[in-house]
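Chemist: can't give you the sequence, but here's the structure:
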């Protein structure tokens, strides 16, 4: 077998190996990305038993003719997210500065300072003259708006001594490996919770809404890491 036959045999072997690798990658699916259920965020204690035949547990507070007010850690509240914000910023600045300097020195300690005379008879003497004129004008504007709507079931993670409720909720949606998560936290007053255990996000204090995406679609909107490095170090 000559050198040309060996080369053709090796080339055919490499082509067959490449085709097998591509076929294997095309036919063997990758592992599915599944969002695992999260554990309950807090440890819930058992309710106090009824005492002396009462139909309500001991320590229950609130009126029988009003929506439930005896909230405990671990109870569920539905938050209606109706958040929208718009911000506009306009900035304009101007600066103008002008100056004039004229100075001449004809003598120093009684000694005349001149360098001869001109044809008209005017003596030459040291003099300084300067003019400056600076002007700056700048303007800028910025507009931003965002909005999100939906419902998130939140858990009461804590009850303050004054009755304020700490809420924390999370929603995960996985569509073909693209995971969208909505995380909501904040504080609410029991008086703002309706009879159907719902509350508007406008009544939630210190509300923090995070809308995060993870997956191929979200990665397509991100700049590759090498391009980020080149953008920071490139002088152009």
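Modeler: Noted; the coordinates are in hand. No experiment lies behind these values; they were computed from the predicted model shown. Numbering: from 1, shown residues only.

Chemist: quick one: the helices in the protein?
Modeler: Assigned by DSSP state H, the helices in the chain fall at 3-27, 216-220, 225-233.

Chemist: helices or strands up against the last one?
Modeler: Contacts of helix 225-233 with other secondary structure elements, assessed using 3 or more CB pairs under 8 Å, 6 or more residues apart in numbering; DSSP states H and E, are absent: no helix or strand is involved. In this view, the C-beta of every residue, glycine as well, is placed from N, C-alpha and C.

Chemist: contacts only, for residue 211.
Modeler: 148, 180-182 (CB atoms under 8 Å, 6 or more residues apart in numbering).

Chemist: low-confidence ranges, this structure, go.
Modeler: Within the chain, the segments meeting pLDDT under 70 span 1-38, 45-69, 105-126, 218, 221, 234-236.

Chemist: which parts of it are strands?
Modeler: Secondary structure of the chain (DSSP state E): strands located at 76-104, 107-108, 111-112, 127-159, 165-175, 178-188, 198-200, 205-214.

Chemist: what is the burial count for residue 208?
Modeler: Neighbour count for residue 208, taken as other CB atoms under 10 Å: 10.

Chemist: just give the closest residue to it, not the sequence neighbours.
Modeler: Spatial nearest neighbour of residue 208, chain neighbours left out: residue 185 (4.8 Å); criterion: CB to CB, 6 or more residues apart in numbering.

Chemist: so that neighbour sits right up against residue 170, yeah?
Modeler: No: using CB atoms under 8 Å, residue 185 is not in contact with residue 170, being 9.3 Å away.

Chemist: what's the burial count for the residue nearest to residue 193 when sequence neighbours are not counted?
Modeler: Using CB to CB, 6+ apart and skipping residues adjacent in sequence, the residue nearest residue 193 is residue 199, 4.9 Å away. Neighbour count of residue 199, defined by other CB under 10 Å: 21.
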